[in-house]
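Asker: Everything below, folded, please.
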Amino acid sequence: MMKRLLTTLCIPALLLCALAACAAPQLVQDEASMYLKGECLKKFLAWGPYGYQQRVQFSISHVAFALGETEDDAIGNQVCAAVDAFEVGVSDPDQLAAIAIARCNEFASSITSHEVNCKLFAVNNKIVWGKEEDVEFK
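Answerer: Numbers count the residues shown, from 1 in each chain. I've put the predicted structure just below:
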């Protein structure tokens with residue numbers, strides 16, 4: 001009887017705790033929503049298989065997110081790409097950022113004829129967009 005009571009009480013508590021940890025921290029969500037919109041915001045805040053936040057939460061190395069802005073209303077004026085170190089076999093954050101930017105530019109050129117110049121948006125949940133160009137990774 002006691003075991004059943006503990007199970008009944010503990011499992012919902014553990015699930016709530018796990019669900020709370022799955023979301024990006026509120027400060028990160030707020031800052032991201034100042035810059036990102038539409039699909040790029042969804043991708044950055046995504047949880048689930050291959051979602052950016054899942055990769056940030058469970059990655060033992062770095063995850064990078066690149067963003068490009070464009071005048072193309074048809075694609076929501078933004079394009080983005082995410083890369084994790086495990087996926088590409090690169091542990092250097094600067095190389096990872098370069099790969100994310102390259103993928104973003106490649107994706108942009110495949111969906112719009114407008115000029116897009118992707119830049120690094122975040123490494124893990126540290127948003128660097130609009131801040132100093134010389135970002136140090138730790």
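
Asker: so where is the chain shaky, pLDDT-wise?
Answerer: 1-23, 75, 132-138 (pLDDT under 70).

Asker: List the buried residues for stretch 65-83?
Answerer: 65-70, 72, 75, 77-83 (16 or more other CB atoms under 10 Å). Every C-beta, even on glycine, is put in place using the N, C-alpha and C of the backbone.

Asker: how long is that stretch end to end?
Answerer: Stretch 65-83 has its terminal residues 7 Å apart, counting by CA to CA, to the nearest Å.

Asker: what's that stretch in contact with?
Answerer: 35-40, 43-44, 52, 55, 63-64, 96-97, 99-101, 103-108, 111-123, 129 (CB atoms under 8 Å, 6 or more residues apart in numbering).

Asker: Mind checking which of those are buried?
Answerer: Buried subset of these (neighbour count, 16+ other CB under 10 Å): 35-36, 40, 43-44, 52, 55, 63-64, 96-97, 99-101, 103-105, 107-108, 112, 114, 116, 118-123, 129.

Asker: how would you label A82: helix, strand or coil?
Answerer: strand (DSSP: H, G, I helix; E, B strand; the rest coil).

Asker: Q29: helix or strand, and which one exactly?
Answerer: helix 26-35 (DSSP states H and E).

Asker: can I get the CA coordinates of stretch 29-43 in PDB?
Answerer: C-alpha atoms of stretch 29-43 as PDB (Å, rounded to 0.1, in the frame of the first residue of the first chain):
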ATOM      1  CA  GLN A  29      13.300  32.300 -24.400                       C
ATOM      2  CA  ASP A  30      12.700  36.000 -23.800                       C
ATOM      3  CA  GLU A  31      15.900  37.100 -25.400                       C
ATOM      4  CA  ALA A  32      15.500  34.700 -28.300                       C
ATOM      5  CA  SER A  33      12.000  36.000 -29.000                       C
ATOM      6  CA  MET A  34      13.400  39.600 -29.300                       C
ATOM      7  CA  TYR A  35      15.400  38.500 -32.400                       C
ATOM      8  CA  LEU A  36      13.900  35.400 -33.800                       C
ATOM      9  CA  LYS A  37      10.500  34.900 -35.400                       C
ATOM     10  CA  GLY A  38       8.500  32.300 -37.100                       C
ATOM     11  CA  GLU A  39      10.300  29.100 -38.100                       C
ATOM     12  CA  CYS A  40      13.600  30.200 -36.600                       C
ATOM     13  CA  LEU A  41      12.100  30.900 -33.200                       C
ATOM     14  CA  LYS A  42      10.400  27.500 -33.300                       C
ATOM     15  CA  LYS A  43      13.600  25.800 -34.300                       C
END
